[in-house]
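Visitor: Okay, predicted coordinates and the sequence, questions at the end:
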Amino acid sequence: MTDNSKQGQGEQGNVPAPVCNFDDVQSAAHLPDGYTGSPDDIVKRHLYQPPTTAFDRDEYEQALKTIGPLLEEQNAIVVAHYYTDPAVQYLAEDTGGIVSDSLEMARYGAQHDAQTLVVAGVKFMGETAKILSPEKRVLMPTLEATCSLDLGCPIEEFSAFCDAHPDREVVVYANTSAAVKARADWVVTSSIALDVVDHLDAQGKKVLWAPDKHLGSYIQTKTGADMLLWDGACIVHDEFKAKGIRELKALYPDAAVLAHPESPAAVLALADCVGSTTQIISAAQTLPNERFIVATDQGIFYKLCQMVPDKEILIAPTGGAGATCRSCANCPWMAMNALDNLAESLASGSNEVHVDAELAERALKPLRRMLAFKSVTGD
């Protein structure tokens, strides 16, 4: 993927010039004709949400004065997820790190020669980095950033579920704790989940899947595999509504719908492309459409705007009347990653990730399977 993060830079050189609203922190995403401000006007009100592509220039420059030297002194890199704050994403690339999906975060952190990995994301990502690189120090801006999928799959209940179905290959999503991974035969991310299950199905194996029911159902439908599904969901993707997307498509019939497979089946049925974060970005680059409705966390808009600055990106509607969404397409735990707590973690050595050695050893096997499968399939 071509990195256009430096595109359009002005003389300051460290933050983008006005491309895709990177600088206007007060700007609105899009204000359609006929918008009245009525709270009942769900789709049109939704379009008036501010974008998440902007960050404050001065705040970034001040933070960089602290963070830059600390990264250099500690031989550290920032590994950030697409859903984190735009300033954090820009920092990662600006200082020689990476912004990516969870699969590439895992691979990159394990292969890089840095001695300290600063993982900007949620807890399972930090745990995965530590398991794959036990000799490295892994820091996070906060250890409180968890995941609804992780929370919804406690190890005691999950172990009992597995024990009740010993004839099934246990495949778990990366959005799980180290303990759940240690109980699994396979760990997968959304970018390879379908291919892994298809591979197992071809071998005649039955699958026990956890924790995301929507992703599991999508894979089951696409592959026809015999799958037993755990009942979990992402609070961000679970809120996307097919009705709202249909109404948005009525306003913009030329728009292509790009949806993450953690979304409900009714949403995926409307999608022109169903895929991981990386696959959504790729689709925006390759599809001929000039406008996209995107059903995933709006943190991805920062990278989308870098890669397709001349195209219009709209957030898929969430929730219902009265602004009843819980996440409003923005993960509350991803939002806990910021420049200030990232700097504090580096300065004090706080928020270091530790994983029990015995647990890490058991979780390492399915994680290595995941990385090996990726390299074989070329995903």
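Guide: All right, it came through fine. Numbering: from 1, shown residues only.
Visitor: So which bits of the one helix or strand Asp58 maps to are buried?
Guide: If you go by DSSP states H and E, Asp58 is part of helix 57-73. Applying a neighbour-count criterion of 16 or more other C-beta atoms under 10 Å, the buried positions in helix 57-73 are Arg57, Tyr60, Ala63, Leu64, Thr66, Ile67, Leu70, Leu71. The way it works is simple: take the backbone N, C-alpha and C, and place the C-beta from them, glycine included.
Visitor: pLDDT below threshold where in the stretch 51-200 of the chain?
Guide: Within the stretch 51-200 of the chain, the stretches with pLDDT under 70 are 51-52.
Visitor: what about the strands in it?
Guide: Taking DSSP state E, counting those that start in this stretch, the strands of the stretch 51-200 of the chain run over residues 76-81, 98-100, 116-120, 137-139, 169-173, 186-188.
Visitor: Could you dump those into TSV and include distance to Leu208?
Guide: Below are the strands of the stretch 51-200 of the chain laid out as TSV (distance: least, C-beta to C-beta, whole Å):
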stretch	distance to Leu208
strand 76-81	27
strand 98-100	28
strand 116-120	28
strand 137-139	29
strand 169-173	5
strand 186-188	10
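Visitor: so which of those gets nearest Ala92?
Guide: Closest to Ala92 of the strands of the stretch 51-200 of the chain, according to C-beta to C-beta: strand 76-81, at 4.0 Å.
Visitor: Can you list the strands that that closest one pairs with?
Guide: strand 98-100 (parallel), strand 116-120 (parallel) (DSSP bridges).
Visitor: That strand to helix 57-73, inter-axis angle?
Guide: Using axes from the mean of the first three to the mean of the last three C-alpha atoms, to 10 degrees, the inter-axis angle of strand 76-81 relative to helix 57-73 is 130 degrees.
Visitor: still on that earlier bit, as PDB, could you dump the C-alpha coordinates of the helix holding Asp58?
Guide: Provided in PDB are the C-alpha atoms of helix 57-73 (Å, rounded to 0.1, in the frame of the first residue of the first chain):
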ATOM      1  CA  ARG A  57      -1.200  21.000  14.900                       C
ATOM      2  CA  ASP A  58       0.200  22.800  17.900                       C
ATOM      3  CA  GLU A  59      -0.700  20.000  20.300                       C
ATOM      4  CA  TYR A  60       0.900  17.500  18.000                       C
ATOM      5  CA  GLU A  61       4.100  19.500  17.700                       C
ATOM      6  CA  GLN A  62       4.400  20.000  21.500                       C
ATOM      7  CA  ALA A  63       3.800  16.200  22.100                       C
ATOM      8  CA  LEU A  64       6.400  15.300  19.500                       C
ATOM      9  CA  LYS A  65       9.100  17.300  21.300                       C
ATOM     10  CA  THR A  66       8.600  15.000  24.200                       C
ATOM     11  CA  ILE A  67       7.800  11.700  22.500                       C
ATOM     12  CA  GLY A  68      10.300  11.800  19.700                       C
ATOM     13  CA  PRO A  69      13.500  11.800  21.900                       C
ATOM     14  CA  LEU A  70      11.900   9.200  24.200                       C
ATOM     15  CA  LEU A  71      11.300   6.800  21.300                       C
ATOM     16  CA  GLU A  72      14.900   7.300  20.100                       C
ATOM     17  CA  GLU A  73      16.500   6.900  23.500                       C
END
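Visitor: what's the domain layout of this structure?
Guide: 52-146+334-348, 148-234, 237-315 (automatic domain parsing).
Visitor: who wins for proximity to Lys365 among the ones you listed?
Guide: domain 148-234 (8.4 Å).
Visitor: How far does that closest one stretch from one end to the other?
Guide: One end of domain 148-234 to the other measures 6 Å (C-alpha to C-alpha, to the nearest Å).
Visitor: same check, this time on stretch 208-217
Guide: One end of stretch 208-217 to the other measures 12 Å (C-alpha to C-alpha).
Visitor: Surely His199 touches Ala372?
Guide: No: assessed by C-beta atoms under 8 Å, His199 is found out of contact with Ala372, at 11.9 Å.
Visitor: Have a look at those two and say which one is more surrounded.
Guide: Between His199 and Ala372, counted using other C-beta atoms under 10 Å, His199 has the larger neighbour count: 17 against 10.
Visitor: That one and Phe373, how far apart?
Guide: Distance, His199 to Phe373, using C-beta to C-beta, to the nearest Å: 7 Å.
Visitor: same deal with Tyr60?
Guide: Computed as C-beta to C-beta, the Tyr60 to Phe373 distance reads 38 Å.
Visitor: Also Val119?
Guide: With C-beta to C-beta as the criterion, Val119 and Phe373 are 22 Å apart.
Visitor: can you check Ala92 too?
Guide: 26 Å.
Visitor: Tell me which of those two has more neighbours.
Guide: Neighbour count, other C-beta under 10 Å: between Ala92 and Phe373, Ala92 has more, with 23 against 17.
Visitor: and the more buried one, what does it touch?
Guide: Ile77, Val78, Val79, Ala80, Ile98, Val99, Ala120 (C-beta atoms under 8 Å, 6 or more residues apart in numbering).
Visitor: returning to that earlier point: among the buried residues of helix 57-73, which one sits closest to His237?
Guide: Looking across these and measuring by C-beta to C-beta, the closest to His237 is Tyr60, at 29.2 Å.
Visitor: Pro86 is in contact with the closest one, correct?
Guide: No: using C-beta under 8 Å, Tyr60 is not in contact with Pro86; the gap is 9.5 Å.
Visitor: Nearest to Ala283 among the strands paired with strand 76-81 would be which one?
Guide: strand 98-100 (16.3 Å).
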